[in-house]
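A.B. asks: attaching a predicted model along with its sequence, questions to come.
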Amino acid sequence: MRVIDPLPLRALLVLTALLLPLGLTFTPPFAPRAAAAPDATPVRVMPLGDSITGSPGCWRALLWNRLLDAGHTDIDFVGTLPGQGCGVAYDGDNEGHGGELVTHLADQGLLPGRLAATRPDIVVMHFGTNDVWSSVSPDRILAAYTKLVTQMRAANPDTRLLVARIIPMNPAGCTGCAQRVVDFNARIPGWAAETSTTRSPVTVVDQWTGFDTATDTYDGVHPGDAGNEKIAARWYPALADVLDQGVPGDPGGPGDPGDPGDGPTCTASFRAGSAWQGGYQAEVTVRNTSTVALTGWTVTVAPADGAQLTQVWGGTLGTADGGTATVTHAGWNGALAPGTSTSFGFIASTPATSGAPAATVDCTATATF
């Protein structure tokens, strides 16, 4: 683990990613924090991708400190690349190679060496932007994904993978990129459902929905301050959920699977995000706790203090009854293999007298036998 000391982040670097060198000026919206000392056997988390992950990928700094603030001090971000300055102390090790295509990584067999050097328990992967830019077909990109997962499992059969529906892309030099991202993202949930196993689950994290290239990037591709905040916020509940489950061999890690005859079950957990006068944003993580694959789920959300859900992403908002709302899976995230999770977000309006954001959530699962 390498913890980067706070550095001014002006004229930070010239990005070589995505075919064009780009300058970045970043004003960190967060105060520096000291990173906690790792546990004797920390969970090793590899951020894997291209420049959106590593150059400088300051969402990693936000995510790292958010995890520490929530008590996840037994983590170690790992990678063969050092962190770059993001104006805050954080564990900057990563595997985000600027300009890299996931198909090139797979075709050249580069990942096994990186895995041997870092030995990750969890891989957080936002990968494929350069492939989409280069008009590589979704079939080829997903075949590369499959090869990488095979290599991850060869190195560690219990690897947990969080894979992103990648952020939108709309650069001036690529008129077809925006739609190609949509087409590729549509294929990821089905690939994940086919690839996930009970021992090595694959969880899809929706980084696309609600991300605006006009306000959340500085060039139509790379995240700016607001984009980094959104990316970290989307990774956090999924990664925290995996950390809460534990990894095999760790105290409190997953135990033996339940009775194969058990019916479909799921859990929902609420995490408050940013709040303002009259409303707040929150995230709900849905996890398949049964030994059968789910074909769908519905979460009941009962906000406290008279709050009302007004907007949902990653799910479908149903009719409300006295402030209680139902959120049903979206078309892409209803299928969950055993042990995997997904998440949705929402915005709630609140009366002036309401307290801190809070809600009671409950999950009902469906499966086809």
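C.D. replies: Received it, and whenever you're ready, just let me know what you need.
A.B. asks: so where's the protein uncertain?
C.D. replies: Counting by pLDDT under 70, the chain shows low-confidence ranges at 1-40, 249-262, 320-321, 368-369.
A.B. asks: just give me the longest helix of it.
C.D. replies: Secondary structure of the chain read by DSSP state H shows that its longest helix is helix 225-245.
A.B. asks: give me the sheet partners of the very next helix or strand once past it and which way each runs.
C.D. replies: Per DSSP states H and E, helix 225-245 leads on to strand 266-276 as the next helix or strand towards the C-terminus. Pairing partners of strand 266-276, with direction, according to DSSP bridges: strand 279-288 (antiparallel).
A.B. asks: how close does the residue nearest to the spatial centre of the chain sit to residue 89?
C.D. replies: The C-alpha lying nearest the average C-alpha coordinate of the chain belongs to residue 235 (C-alpha atoms, centre = their mean; 2.9 Å). Separation of residue 235 from residue 89 (C-beta to C-beta, to the nearest Å): 19 Å. In short, each C-beta sits where N, CA and C put it, glycine included.
A.B. asks: what of residue 275?
C.D. replies: Distance from residue 275 to residue 89, by C-beta to C-beta: 26 Å.
A.B. asks: so between those two, which is more surrounded?
C.D. replies: Per other C-beta atoms under 10 Å, whichever of residue 275 and residue 89 has more neighbours is residue 89, with 19 against 15.
A.B. asks: tell me which other helices or strands the strand or helix carrying residue 144 touches.
C.D. replies: Assigned by DSSP H and E, residue 144 belongs to helix 138-155. With contacts taken as 3 or more C-beta pairs under 8 Å, 6 or more residues apart in numbering; DSSP states H and E, helix 138-155 sits against helix 102-107, helix 111-118, helix 129-133, strand 160-165, helix 177-195.
A.B. asks: tell me the strands beside the fourth one, with direction?
C.D. replies: By that I understand strand 160-165. According to DSSP bridges, strand 160-165 has these partners: strand 122-126 (parallel), strand 202-206 (parallel).
A.B. asks: tell me the secondary structure at residue 98.
C.D. replies: Taking DSSP: H, G, I helix; E, B strand; the rest coil as the rule, one finds residue 98 in the coil state.
A.B. asks: ok, residue 116 - contacts?
C.D. replies: residue 155 (C-beta atoms under 8 Å, 6 or more residues apart in numbering).
A.B. asks: relative to residue 110, how far out is it?
C.D. replies: In terms of C-beta to C-beta, residue 116 sits 11 Å off from residue 110.
A.B. asks: just residue 55 next, same as before
C.D. replies: 17 Å.
A.B. asks: give me the more crowded residue out of the two.
C.D. replies: Set residue 55 next to residue 110 and count neighbours by other C-beta under 10 Å: residue 55 wins out with 26 against 15.
A.B. asks: how long is stretch 212-231 end to end?
C.D. replies: Taking C-alpha to C-alpha, to the nearest Å, stretch 212-231 runs 12 Å from one end to the other.
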